[in-house]
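Enquirer: Dropping the sequence and predicted coords here.
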Amino acid sequence: MVIKVGIAGISEANGHPFSFSAIINGFDEHEFSKSGWPNILKYLKEAPDGQNGIDGAQVTHAWTQDPVSTAALCASSKIQNQCGNLLEMLGEVDALIIARDDWENHFEMAKPFLENNIPVFVDKPLSLNNAEIEYFIPFLISGKLMSCSGFRFAKELNDPNNNLLNIGSLKLISGVVVNDMDKYGIHLLEAVIGLLHVEEASFILSRKHTTHESFSIEFENGLVFNLDCLGSHKKVFHLSFFGSEAEAHIELQDNFFAFKRTLEKFLKMVKENKPPFNPNETIILMRILQASKFLQKGESTEIFFNRLENLEGNLSRG
């Protein structure tokens, strides 16, 4: 049985509708070259032979807010059905991918599908609204909703050449990324939380006195993660891990592998109705982003995670 997937939405400077669809369906190089996403086409073409396309799944329907973009998406990634509105997909697809990264639109788009028992993948960040997060929690738990950055599954984090297994007890993690916290800091947060498998935790989030967005997360075991979002800057997705025995420095660069692994995890969830990772990690990440938006320079917030249903934070001057 082939899983029929719908892909929905597009947001500024985010080519995920094009990359995700092409990774599942394969792509038409000529049409893709006209789509305005040359960097995506480059890594699609550089993927190992046979890696484009995912067996057992097909993106069959597409909708974006812009009919011209929808037409380009369908032509680029061999999608048969161009929808005039999102709800046309109800009853036609087995799963939905919401591929826009402006969280303010996620709830409205996902709700009709979740309530019709259609599994949904939502591009990061899921939501920074408390009521929406509470609504999403049962669907995360039941394996009907998945949301993450592809860098949770980054190839480089499992590469033995990066020496992560040999650094001893972790003392410090440092991350540097382009642009802002909400849409780009989440990539490195996702990679680190996924690597540490943080399920229940309390920590202190602090904002530093810098010209760019700079935060420090101190976990209850003493581990510190410093994250710098440089704003307008050349592309950088860097993580450094400092341990008791050695250190490891990693550049997250393989978008194709990260996205394909993410989509494979989602499609497995569709088949098995099981969360691909602990849902608590998604909620923790949203709470970090929420807290970071309200912190002024020099302020800290202590956040407690006791269980999935009981998450709270208290703001204090630092």
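Expert: Nice, I can see it.
Enquirer: the helices in the stretch 151-300 of the chain, which residues?
Expert: For the stretch 151-300 of the chain, the helices defined by DSSP state H, counting those that start in this stretch occupy 186-196, 255-272, 279-294.
Enquirer: So which of those helices is the most surrounded?
Expert: Highest mean neighbour count among the helices of the stretch 151-300 of the chain (mean count of other C-beta atoms under 10 Å): helix 186-196, with a mean of 23. Just so you know, the C-beta spots here come from the backbone N, C-alpha and C atoms, and that holds for glycine as well.
Enquirer: Can you tell me which helices and strands that helix packs against?
Expert: Judged by 3 or more C-beta pairs under 8 Å, 6 or more residues apart in numbering; DSSP states H and E, the packing partners of helix 186-196 are strand 170-177, strand 224-229, strand 237-243, helix 279-294.
Enquirer: any chance of the helices of the stretch 151-300 of the chain in JSON lines, plus distance to Lys78 and mean pLDDT?
Expert: What follows is the helices of the stretch 151-300 of the chain, written out as JSON lines (distance: least, C-beta to C-beta, whole Å; pLDDT from 0 to 100):
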{"stretch": "helix 186-196", "distance to Lys78": "28", "mean pLDDT": "94"}
{"stretch": "helix 255-272", "distance to Lys78": "16", "mean pLDDT": "97"}
{"stretch": "helix 279-294", "distance to Lys78": "31", "mean pLDDT": "92"}
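Enquirer: For those helices, give me a markdown table that also has distance to Met146.
Expert: Formatted as a markdown table, the helices of the stretch 151-300 of the chain follow (distance: least, C-beta to C-beta, whole Å):
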| stretch | distance to Met146 |
| --- | --- |
| helix 186-196 | 12 |
| helix 255-272 | 5 |
| helix 279-294 | 8 |
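Enquirer: Out of these, which gets nearest to Gly84?
Expert: helix 255-272 (25.1 Å; C-beta to C-beta).
Enquirer: follow-up on the earlier one: which of the helices and strands packed on helix 186-196 sits closest to Leu145?
Expert: Judging those by C-beta to C-beta, what sits closest to Leu145 is helix 279-294, at 8.5 Å.
Enquirer: Report the backbone C-alpha coordinates of that closest one in PDB.
Expert: Provided in PDB are the C-alpha atoms of helix 279-294 (Å, rounded to 0.1, in the frame of the first residue of the first chain):
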ATOM      1  CA  PRO A 279       6.900  13.800  22.800                       C
ATOM      2  CA  ASN A 280       8.200  15.500  25.900                       C
ATOM      3  CA  GLU A 281      11.300  16.600  24.000                       C
ATOM      4  CA  THR A 282       9.100  18.600  21.500                       C
ATOM      5  CA  ILE A 283       7.300  20.300  24.400                       C
ATOM      6  CA  ILE A 284      10.600  21.100  26.100                       C
ATOM      7  CA  LEU A 285      11.900  22.700  22.900                       C
ATOM      8  CA  MET A 286       8.800  24.800  22.600                       C
ATOM      9  CA  ARG A 287       9.100  26.000  26.200                       C
ATOM     10  CA  ILE A 288      12.700  27.000  25.600                       C
ATOM     11  CA  LEU A 289      11.700  29.100  22.500                       C
ATOM     12  CA  GLN A 290       8.800  30.600  24.500                       C
ATOM     13  CA  ALA A 291      11.000  31.600  27.300                       C
ATOM     14  CA  SER A 292      13.700  33.000  25.000                       C
ATOM     15  CA  LYS A 293      11.200  35.400  23.400                       C
ATOM     16  CA  PHE A 294      10.500  37.200  26.700                       C
END
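Enquirer: Can you check what angle separates it from strand 224-229?
Expert: 60 degrees (axes from the mean of the first three to the mean of the last three C-alpha atoms, to 10 degrees).
Enquirer: Which neighbouring elements make contact with helix 279-294?
Expert: By 3+ C-beta pairs under 8 Å, 6+ apart, helix 279-294 packs against helix 130-141, helix 186-196, strand 201-207, strand 213-219, strand 299-307, strand 310-317.
Enquirer: run the last query once more with 7 Å
Expert: helix 130-141, helix 186-196, strand 201-207, strand 299-307, strand 310-317 (3 or more C-beta pairs under 7 Å, 6 or more residues apart in numbering; DSSP states H and E).
Enquirer: Go through the ones you listed and name the closest to Phe266.
Expert: Closest to Phe266 of those is helix 130-141 (C-beta to C-beta; 12.7 Å).
Enquirer: I'd like to know which elements the closest one is packed against.
Expert: helix 106-114, helix 279-294.
Enquirer: any chance of these in TSV, with distance to Asp55 too?
Expert: Shown next, in TSV, are these (distance: least, C-beta to C-beta, whole Å):
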stretch	distance to Asp55
helix 106-114	24
helix 279-294	27
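Enquirer: how about these, which one is nearest Leu189?
Expert: When these are ranked by proximity to Leu189 (C-beta to C-beta), helix 279-294 comes first, at 5.6 Å.
Enquirer: Next, the angle strand 213-219 makes with the closest one.
Expert: Using the same axes, to 10 degrees: helix 279-294 against strand 213-219 is 140 degrees.
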